[in-house]
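**Student:** All I have is the shape, not the residue letters:
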Ligand SMILES: NC(=O)c1ccc[n+]([C@@H]2O[C@H](COP(=O)([O-])OP(=O)(O)OC[C@H]3O[C@@H](n4cnc5c(N)ncnc54)[C@H](OP(=O)(O)O)[C@@H]3O)[C@@H](O)[C@H]2O)c1
């Protein structure tokens, strides 16, 4: 598997021309990792923007996610084939289980086993999970082995640092992807983040992203604006000091943005 590029482009909520424009601009600016999902209803437009970009397929890292309604027997593979058709790709680089089956109606071993079979068939180069708790990760490791799980994509930002889950992932050698790394804009208003940004001549968004990157997480911020897309990509060059990291660590307050009624019992 190709390594997951540390900075990716999120596409949640972006549809039609908005997602085409965001992906096109992102690819022009140098993004090479695009994060979509079946439920976003934008795979066809993401595929269209990729095709129009002229960027070589082997330079791109494309992730999609299997929606909860597609976790039943036969549906993981069939729905991934439908995703590939919409994306206009023969293979994605990474396919994630978007959420654990609501109420664990379908066992982890069943749908992850099928996702592993999808990898064997070449429909995806790597497989992984999203919104998995420690308990779900234990089941996943038991089912397919730690090496097979390329990442756990979870909500992480300065206001929700997910320390228990991260500690478990580190102990197991599992990679973590931080989704909603800006808490959908909420972290940008934090005075501590603003002060650190001013000290570095950077923006609050860059500080939030650098904080995640320095902990080894991949980040997948989304934006509809060229200047924000460019600034987010440049966050890789910002180095925060130990004092900066400690000040941001103190912002933890368990503020979860993505918490649908079918979410698992969080750690
Ligand atoms: N696995 C999951 O269950 C899951 C759940 C949620 C999200 N995700 C993934 O994570 C991605 C990111 O999450 P998200 O899109 O919800 O939220 P986010 O990336 O935390 O925040 C996006 C918001 O921040 C603004 N923004 C972005 N860059 C900025 C900058 N440099 N300065 C100021 N504002 C900026 C954007 O507005 P503008 O458009 O005005 O720039 C947008 O309103 C999603 O797109 C999706 O791919 C995954």
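**Tutor:** Received, thanks. It should be emphasised that the depicted structure is a prediction, and the values quoted were computed from it without experimental measurement.

**Student:** what about the closest residue to residue 252 other than its chain neighbours, distance to the ligand?
**Tutor:** In space, and not counting its chain neighbours, residue 252 is closest to residue 161: 4.6 Å by Cβ to Cβ, 6 or more residues apart in numbering. In this view, the C-beta of every residue, glycine as well, is placed from N, C-alpha and C. Computed as Cβ to the nearest ligand atom, to the nearest Å, the residue 161 to the ligand distance reads 14 Å.

**Student:** right, and residue 161 touches residue 249 too?
**Tutor:** Yes. Using Cβ atoms under 8 Å, residue 161 is in contact with residue 249, at 7.0 Å.

**Student:** more neighbours, those two?
**Tutor:** More crowded of residue 161 and residue 249, by other Cβ atoms under 10 Å: residue 161, with 20 against 13.

**Student:** Please report how far that one lies from residue 266.
**Tutor:** According to Cβ to Cβ, to the nearest Å, residue 161 and residue 266 sit 13 Å apart.

**Student:** Please enumerate the strands of the stretch 51-200 of the chain.
**Tutor:** With strands called from DSSP state E, counting those that start in this stretch, the stretch 51-200 of the chain shows them at 61-66, 92-97, 124-130, 149-155, 176-179.

**Student:** Who are the packing partners of the fourth one?
**Tutor:** On a contact count with 3 or more Cβ pairs under 8 Å, 6 or more residues apart in numbering; DSSP states H and E, strand 149-155 meets strand 92-97, strand 124-130, helix 134-144, helix 163-172, strand 176-179.

**Student:** quick one: contacts of the first one?
**Tutor:** Contacts of strand 92-97 from elsewhere in the structure, counted by Cβ atoms under 8 Å, 6 or more residues apart in numbering, are 1-2, 4, 37, 60-66, 71, 80, 83-84, 111-112, 115, 118-119, 123-130, 132, 150-151, 153.

**Student:** distance between that strand and the chain's centre?
**Tutor:** How far strand 92-97 lies from its chain's middle: 10 Å, per Cα atoms, centre = their mean, to the nearest Å.

**Student:** quick check: angle from that strand to strand 124-130?
**Tutor:** Angle of strand 92-97 versus strand 124-130, following axes from the mean of the first three to the mean of the last three Cα atoms, to 10 degrees, is 30 degrees.

**Student:** Run the contact check for strand 92-97 versus the ligand.
**Tutor:** No. Strand 92-97 stays clear of the ligand (Cβ under 6 Å from any ligand atom), getting no nearer than 7.0 Å.

**Student:** So what are the sheet partners of that strand and their directions?
**Tutor:** Next to strand 92-97 in the sheet, as set by DSSP bridges, lie strand 61-66 (parallel), strand 124-130 (parallel).

**Student:** pretty sure residue 159 is touching residue 187, no?
**Tutor:** Yes. Using Cβ under 8 Å, residue 159 makes contact with residue 187 at a distance of 6.1 Å.

**Student:** what is in contact with the two at once?
**Tutor:** Counting by Cβ under 8 Å, 6+ apart, the residues touching both residue 159 and residue 187 are residue 251.

**Student:** about what we covered before: can the strands of the stretch 51-200 of the chain go into JSON lines with extra columns for mean neighbour count, distance to residue 201 and mean pLDDT?
**Tutor:** Output for the strands of the stretch 51-200 of the chain, formatted as JSON lines (neighbours: other Cβ atoms under 10 Å; distance: least, Cβ to Cβ, whole Å; pLDDT from 0 to 100):
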{"stretch": "strand 61-66", "mean neighbour count": "26", "distance to residue 201": "30", "mean pLDDT": "98"}
{"stretch": "strand 92-97", "mean neighbour count": "26", "distance to residue 201": "34", "mean pLDDT": "98"}
{"stretch": "strand 124-130", "mean neighbour count": "23", "distance to residue 201": "34", "mean pLDDT": "98"}
{"stretch": "strand 149-155", "mean neighbour count": "25", "distance to residue 201": "29", "mean pLDDT": "98"}
{"stretch": "strand 176-179", "mean neighbour count": "24", "distance to residue 201": "24", "mean pLDDT": "98"}
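
**Student:** Thank you kindly, that will do.
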